[in-house]
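Novice: Sharing a model that was predicted from the sequence below.
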Amino acid sequence: MRIIRAVEESHHITDKLVRLYNWILQNRQHWMKYLYWVVNKFRPETSPFFLDRCIVYVREQFEKWCPHVVVSVHPLTQHIFARILRELNLTEQIPLVTVVTDPCYGFWKGWACDDVSLYLVANEEAKRQLVDYGVDPGRIKISGMPIRPEFRPADEKDAREVRKAYGLDEEKFTVFVNAGYIGGVKMLRILRELVAGELDIQAIFLAGRNDDLKTQAELVAKNARFPVKVIGYSDEVEKIMQSANVMVSKLGGLTTFEAVACNLPIIADTTTPPMPQEAGTVNLLKKWGAGVMLEKARDIVPIVRTLIEDDVKYSEMKTAMANLAVPNSTENIVNEIKALLPATQESPGSIGAAVRQEV
C-alpha cells in the first residue's frame with residue numbers, strides 16, 4: 001500500500017493551506033466558522049487556480065499507479081480526480097467513489113461532485129445533505145463510518161488490562177481527555193479544571209502532535225490529586241478508548257464514531273461553538289442521549305461526578321452509543337468498493353493489489 005498526502009504534496013500553496021487549517025484547529029478553533037464560510041463561498045476545490053497547480057503532481061501519481069478505482073475521503077480531493085478522469089476519457093472505465101467522513105447534516109459543499117460514481121455515507125442525515133447539495137440519491141448508499149475494526153466494545157476484563165498497561169489503577173473510573181490528532185490547546189483548560197476537583201478518578205490526556213501541549217499537560221499532571229497519564233501521539237487510540245469510562249473531546253466525525261463503536265460515552269467540548277461541519281454531530285448525540293454537552297470548562301467536575309454517582313444515567317448513555325453504532329461499517333465500505341472492481345480483480349489476492357494501486 002502507498003499512502004500519498006495528495007493535498008499537501010501536490011503544491012506548496014495547498015500545503016500552506018493545510019498548515020493554516022491545522023493551526024486554527026490547534027489555537028483558534030472559534031475562527032473555523034469563518035474559514036468554513038470562505039471555503040463554501042469561494043469553493044477552492046473547484047477553482048482552476050488550485051486545480052491547475054495541483055494537477056501535474058496528481059496526474060503523475062494517477063498514471064504511475066494505474067488504479068482500478070479511485071476513492072476520495074476528503075472534500076478537497078475528488079474534484080481533481082474527476083478532472084483527470086475526464087481529460088483521460090476514463091470516466092466510464094474507472095469509478096470515482098467518495099467515502100464521506102463528515103457524518104451529519106451541515107458539512108462542506110466540497111463533498112458534492114457531479115462526477116462521483118458512488119457516495120458512501122454514515123447515515124440518513126449525511127445522505128440528505130448530499131441530496132440538498134444536488135447529488136442524485138441513486139448514487140448514495142448508507143454504509144456507516146470508515147473506522148478500523150479494532151474500535152470495538154471492550155469487556156471490563158479487557159479494560160482493566162489496558163489500564164494496567166498504562167500504569168493506572170485497574171478498577172478506578174477513568175476519564176479520557178482527548179485533544180485530538182492536532183492537539184487542541186482548549187483541552188488543557190479542561191484538564192486543569194478536572195484535576196482541581198475532588199474526584200476519585202484517574203485520567204488519560206492525549207496531546208496528539210502538539211509537543212508543547214504535551215509538556216504543559218505533564219506540568220498540570222504533576223499537581224493533580226489523582227493519577228494522570230499524559231500521552232503524545234498514539235496509534236493505539238482504540239486501546240485508550242477501551243480503557244476509559246468516558247471521553248472528553250470535540251466532536252470530530254471519525255473520533256465520535258470511533259467512540260460510538262467502543263460504546264464510550266462522550267462529554268462533548270462545546271466551550272466554544274462547535275465547528276459548522278460538526279454541529280450536526282452535537283445534535284445527533286443530544287437526540288440520542290449519548291453525550292453530555294460541556295458548555296463551560298468549570299462544569300467538567302460536576303458532570304464527571306454525576307456520571308460516577310448516577311449508574312442509571314451512565315448506563316443509558318452507553319446503551320445510546322451502542323444503538324448509534326453501525327456494525328461492520330468498514331467491511332460494508334470495502335464490499336461496496338470491491339463490487340466496482342473489474343471481474344478479474346475480485347479474488348482476495350488481487351483485491352489487495354488493486355487497493356495498493358489506489359491513489
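Specialist: Great, that's in hand.

Novice: Let me see the backbone angles for the residue nearest to Val121 when sequence neighbours are not counted.
Specialist: By the measure of CB to CB, 6 or more residues apart in numbering, the closest residue to Val121 outside its immediate chain neighbours is Val100, 4.7 Å from it. No exception for glycine: its C-beta is placed from N, CA and C like everyone else's. Torsion angles at Val100 (phi, psi; degrees, to the nearest 10) stand at phi -80, psi 120.

Novice: cool, Asp235 as well?
Specialist: Per degrees, to the nearest 10, the backbone of Asp235 is at phi -100, psi 20.

Novice: Give me the neighbour count for it.
Specialist: The number of residues packed near Asp235 is 6, by other CB atoms under 10 Å.

Novice: Distance-wise, check the residue nearest to Val121 relative to Cys113.
Specialist: 11 Å (CB to CB, to the nearest Å).

Novice: Looking at the two, which is more packed in?
Specialist: Val100 (27 against 23).

Novice: So the more buried one is in contact with Ala126, correct?
Specialist: Yes. Between Val100 and Ala126 there is a contact under CB atoms under 8 Å: 5.5 Å.

Novice: Mutual contacts of those two, please.
Specialist: Phe107 (CB atoms under 8 Å, 6 or more residues apart in numbering).

Novice: quick one, strands of the stretch 51-200 of the chain?
Specialist: In the stretch 51-200 of the chain, the segments counted as strands under DSSP state E, counting those that start in this stretch are 70-72, 96-99, 118-121, 140-142, 174-178.

Novice: Would you mind giving those as a markdown table with mean neighbour count added?
Specialist: Output for the strands of the stretch 51-200 of the chain, formatted as a markdown table (neighbours: other CB atoms under 10 Å):
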| stretch | mean neighbour count |
| --- | --- |
| strand 70-72 | 23 |
| strand 96-99 | 23 |
| strand 118-121 | 24 |
| strand 140-142 | 17 |
| strand 174-178 | 25 |
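
Novice: now those strands in a markdown table, with distance to Leu206?
Specialist: Output for the strands of the stretch 51-200 of the chain, formatted as a markdown table (distance: least, CB to CB, whole Å):
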| stretch | distance to Leu206 |
| --- | --- |
| strand 70-72 | 28 |
| strand 96-99 | 25 |
| strand 118-121 | 28 |
| strand 140-142 | 30 |
| strand 174-178 | 5 |
